[in-house]
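S.K.: I'd like to go over a predicted model; first the sequence, then the structure.
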Amino acid sequence: MLIGVGALVACGDLAGLTGGGGGDPPPTPVGSPCGDLRCVHGTCSSAGKCECTAGFSGPSCDSCGGDLQDKDGDGACQPSCNVTTCPARSRCDDTSGKATCVCSTGYALEGDACVWKGGIQDPGFQNTPPGAWKLSGGALIDATAKDKTQVDPGYVDFPQENPFGAPDAGPPRCTYGQTSHAIQTVKMPPFAEAEPFALSLSRQSVCSPIFGFCFGETYRFSVGGRAAFVDRADGLGQSAFSPRKVCLGERAYGGDVTIDVAAPCGSQVEAVRIDRATLVPDATCPSPGKVQNGDFEGTGGWAASGVAEVTALVGTAQSRGARIKMAKACDYGQLTGSLSVPWKSVPRPALTFSFKGSKNKQLSVRVGGSVAATVTGTDTFETARVCLPDWATGTVQQLAFYAYASSAAGNCTDPDTSEFIFDDVKIESEPTCEDPGLVFDGGFERRGSVSAWSGPSSPTSGVFTYASGAPPSSHSGAGYGALYSPQCNYASLYQTASVPDLSPGKGGPMLAFWYRTSAAASGAFYSTAGTLPVAAAWTKKTYCLPPTLAGRATSINFSASTSSGGGACANPPYLYLDDVAITLDPTCPEK
């Protein structure tokens with residue numbers, strides 16, 4: 001039965017239990033074993049205690065018992081929300097004294113179902129209602145702009161620098177490095193009372209007329225302080241408005257949620273505009289803390305390229321699973337899906353999966369386009385645990401498994417029969433993951449098939465190893481990293497780390513690490529913090545990161561190279577690393 005008050009749905013006929021007439025309870029008979037104790041809704045037993053009528057409890061039988069309640073105080077015990085089941089997109093409310101199902105935040109009753117009606121105000125950027133979007137950094141709304149590729153009139157225009165001095169571009173509207181924003185706070189229901197959502201966008205990025213092409217970030221869409229999507233120019237831009245869908249993660253649910261569309265000021269892009277932004281239910285988006293079709297038993301959720309495939313009888317217990325099977329050198333395979341990285345619901349989240357890889361062959365696990373871990377095969381089935389970075393928490397990101405068959409001689413016709421099989425991809429809490437997940441294994445203490453650090457792509461270009469030894473071999477602990485090039489070439493090591501959120505008074509973000517080097521005269525050592533002078537003893541290096549990176553991903557890079565050219569290397573340059581961390585430090589700027 002429907003209740004015609006706002007967006008209320010009846011939960012059923014909830015019959016009340018009363019005490020039979022109200023008023024004061026009858027006096028306790030003289031000589032009763034209960035003495036002065038009055039049994040309001042019950043009778044006195046020979047043991048001197050009240051035996052309550054069904055539905056009541058308490059020493060005097062004056063309280064509602066079990067899963068009943070009397071929140072309106074009328075003396076009638078009604079079923080509480082504890083025993084009331086509400087339909088989808090609604091919640092139970094018994095504050096009135098009667099349990100009633102109410103449509104969740106943003107939903108309204110249509111017929112006998114709760115339907116999504118909430119979301120972004122002024123989705124078409126027409127200033128209706130005025131001030132729905134908070135604009136900064138030079139962003140402007142043109143409420144009447146219209147061309148044939150727009151969804152409807154109006155868009156938000158993010159300023160760009162005068163494109164390399166284009167004569168008809170006018171004066172610069174922004175300074176390179178400046179970011180403009182369009183921000184709005186939206187009330188969202190808890191996920192338990194909602195469904196998967198996506199942001200539906202219509203956007204445009206026009207390249208500079210001087211070169212006709214552009215690269216780099218054009219805009220980013222953030223929810224609750226984390227970038228849910230970063231759009232990058234594909235070389236040609238989008239001269240016409242085109243659609244884009246972004247699945248929403250855990251940060252998009254439960255209370256006031258800040259939505260921020262931001263665009264950096266660039267010199268290669270002439271215009272960045274958003275025509276429409278709406279929040280829409282989308283059943284294809286993964287639920288918070290889930291990997292779409294992670295056991296490969298269902299349909300959809302994955303896209304295969306190269307020699308990757310989803311097939312039967314290759315997974316655990318001969319179930320369906322994923323496989324990247326090479327035939328020759330230079331073959332590659334990639335399987336691409338999506339995962340909703342948890343925020344508060346799963347502490348220390350990690351991506352776990354079963355895998356079997358050819359011995360010493362490597363599989364790259366990528367989250368949001370960045371390498372999250374490198375997995376090395378051992379010819380046996382193992383379980384991988386990949387800690388998930390703080391910058392991705394509460395968002396839906398692309399998940400990719402990638403492998404490439406390299407050739408030492410550079411001959412792509414060389415046979416290569418290596419393969420990787422993986423199955424049961426899911427998200428679990430992993431106690432060994434750092435919290436917050438800013439830099440993983442900064443002390444180089446972990447051993448095994450999974451590494452948070454990505455080293456040289458082949459032994460001929462360089463070698464990275466986990467070295468063992470207590471101080472002074474290491475700076476602290478029992479391990480440290482060693483990077484060198486046996487061919488007197490160039491060896492690199494990197495990790496996509498997370499920059500912590502700013503906290504007033506605690507300073508800005510700082511990268512800090514300890515290093516030492518070999519004494520190779522021809523060696524040169526570099527890092528994100530700049531050139532590293534030769535150092536025989538452990539030396540600390542610090543570097544202030546831009547505060548604009550707070551809450552975002554950043555790459556930590558190290559390299560060791562030589563100026564003596566390639567070939568046999570009698571004295572390769574070694575770079576040793578330990579205790580890599582990103583923190584907030586008072587010596588670094590907050591703004």
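M.R.: That came in fine, so what should we check first? Numbering: from 1, shown residues only.

S.K.: Residue 312: what's it in contact with?
M.R.: Shown in contact with residue 312 (C-beta atoms under 8 Å, 6 or more residues apart in numbering): 319, 320. C-beta coordinates here come from the backbone N, C-alpha and C atoms, glycine included.

S.K.: Correct me if wrong: residue 482 contacts residue 574.
M.R.: Yes - Residue 482 is within contact range of residue 574, at 6.2 Å (criterion: C-beta atoms under 8 Å).

S.K.: Which of those two has more residues huddled nearby?
M.R.: Of the pair residue 482 and residue 574, residue 574 is the one with more neighbours under other C-beta atoms under 10 Å, namely 20 against 17.

S.K.: Who's the closest spatial neighbour of that one, skipping the chain neighbours?
M.R.: Distances taken as C-beta to C-beta, 6 or more residues apart in numbering put residue 518 closest to residue 574, at 3.9 Å, once the chain neighbours are dropped.

S.K.: Residue 129 versus the one you found, what's the distance?
M.R.: Using C-beta to C-beta, to the nearest Å, residue 518 is found at 66 Å from residue 129.

S.K.: These two - which one has more neighbours?
M.R.: residue 518 (18 against 8).

S.K.: State the phi and psi torsions of the more buried one.
M.R.: phi -80, psi 170 (degrees, to the nearest 10).

S.K.: got the contact list for it?
M.R.: By C-beta under 8 Å, 6+ apart, the residues touching residue 518 are 484, 571, 572, 573, 574, 575.

S.K.: which residues does the closest residue to the fourth one other than its chain neighbours contact?
M.R.: This points to residue 573. Distance criterion C-beta to C-beta, 6+ apart; nearest residue to residue 573, sequence neighbours excluded, is residue 523 at 2.7 Å. Going by C-beta under 8 Å, 6+ apart, residue 523 touches 517, 534, 560, 561, 562, 572, 573, 574.

S.K.: following the host helix or strand of the third one, which helix or strand shows up next?
M.R.: Residue 560 is part of strand 553-562 when elements are defined by DSSP states H and E. Counting by DSSP H and E, the next helix or strand C-terminal to strand 553-562 is strand 574-585.

S.K.: Give me the buried positions along that next one.
M.R.: Going by neighbour count (16 or more other C-beta atoms under 10 Å), the buried part of strand 574-585 is 574, 575, 576, 577, 578, 579, 580, 581, 582, 584, 585.

S.K.: now do stretch 497-517
M.R.: Under the neighbour-count criterion of 16+ other C-beta under 10 Å, stretch 497-517 has 497-500, 502, 507-517 buried.

S.K.: re earlier: return the closest of the buried residues of strand 574-585 with respect to residue 207.
M.R.: Checking those against residue 207 by C-beta to C-beta gives residue 582 as the nearest, at 34.1 Å.

S.K.: how close does that closest one get to residue 437?
M.R.: In terms of C-beta to C-beta, residue 582 sits 11 Å off from residue 437.

S.K.: Spit out the residues that contact these two alike.
M.R.: Counting by C-beta under 8 Å, 6+ apart, the common neighbours of residue 582 and residue 437 are residue 498.

S.K.: that older thread, farthest-apart pair in the buried residues of strand 574-585, please.
M.R.: Top of the distance list for the buried residues of strand 574-585 (C-beta to C-beta): 574 and 584, 31.8 Å.

S.K.: what's the span of stretch 42-61, first residue to last?
M.R.: Using C-alpha to C-alpha, to the nearest Å, one end of stretch 42-61 lies 6 Å from the other.

S.K.: what's the answer for stretch 122-136, then?
M.R.: Distance between the two ends of stretch 122-136: 17 Å, counting by C-alpha to C-alpha.

S.K.: Give me the residues contacting that stretch.
M.R.: Residues outside stretch 122-136 that contact it (C-beta under 8 Å, 6+ apart) are 120-121, 141-143, 151-156, 180-184, 274-278.

S.K.: Same question for stretch 46-59.
M.R.: Residues outside stretch 46-59 that contact it (C-beta under 8 Å, 6+ apart): 17, 19, 33-35, 37, 39-45, 60-66, 68, 77.

S.K.: Now, these that are in strands?
M.R.: Among these, DSSP state E puts 42, 43, 44, 63, 64, 68 in strands.

S.K.: quick one, what contacts the closest residue to residue 293 other than its chain neighbours?
M.R.: The shortest distance from residue 293 to any non-neighbouring residue, by C-beta to C-beta, 6+ apart, is to residue 301 (3.2 Å). By C-beta under 8 Å, 6+ apart, the contact list for residue 301 reads 292, 293, 294, 337, 338.

S.K.: And these, which is closest to residue 396?
M.R.: Checking the contacts of residue 301 against residue 396 with C-beta to C-beta, the nearest one is residue 338 at 5.9 Å.

S.K.: low pLDDT regions in the stretch 251-400 of the chain?
M.R.: Filtered on pLDDT under 70, the stretch 251-400 of the chain yields the residue ranges 267.

S.K.: Identify the residue spatially nearest to residue 144, adjacent ones excluded.
M.R.: Counting by C-beta to C-beta, 6+ apart, residue 144 lies nearest to residue 153, which is 5.7 Å off, once chain neighbours are set aside.

S.K.: picking up where we left off before, could you save the contacts of residue 518 as a markdown table and add columns showing distance to residue 323 and pLDDT?
M.R.: A markdown table is the format used below for the contacts of residue 518 (distance: C-beta to C-beta, whole Å; pLDDT from 0 to 100):
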| residue | distance to residue 323 | pLDDT |
| --- | --- | --- |
| 484 | 34 | 87 |
| 571 | 43 | 73 |
| 572 | 37 | 78 |
| 573 | 39 | 85 |
| 574 | 38 | 90 |
| 575 | 37 | 94 |
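
S.K.: which one of these sits closest to residue 195?
M.R.: residue 575 (50.3 Å).

S.K.: In contact with the closest residue to that closest one other than its chain neighbours, which residues are there?
M.R.: With C-beta to C-beta, 6+ apart as the criterion, residue 575 has its nearest non-adjacent residue at 4.2 Å, and that residue is residue 560. By C-beta under 8 Å, 6+ apart, the contact set of residue 560 is 462, 483-485, 490-491, 517, 523-525, 572-575.
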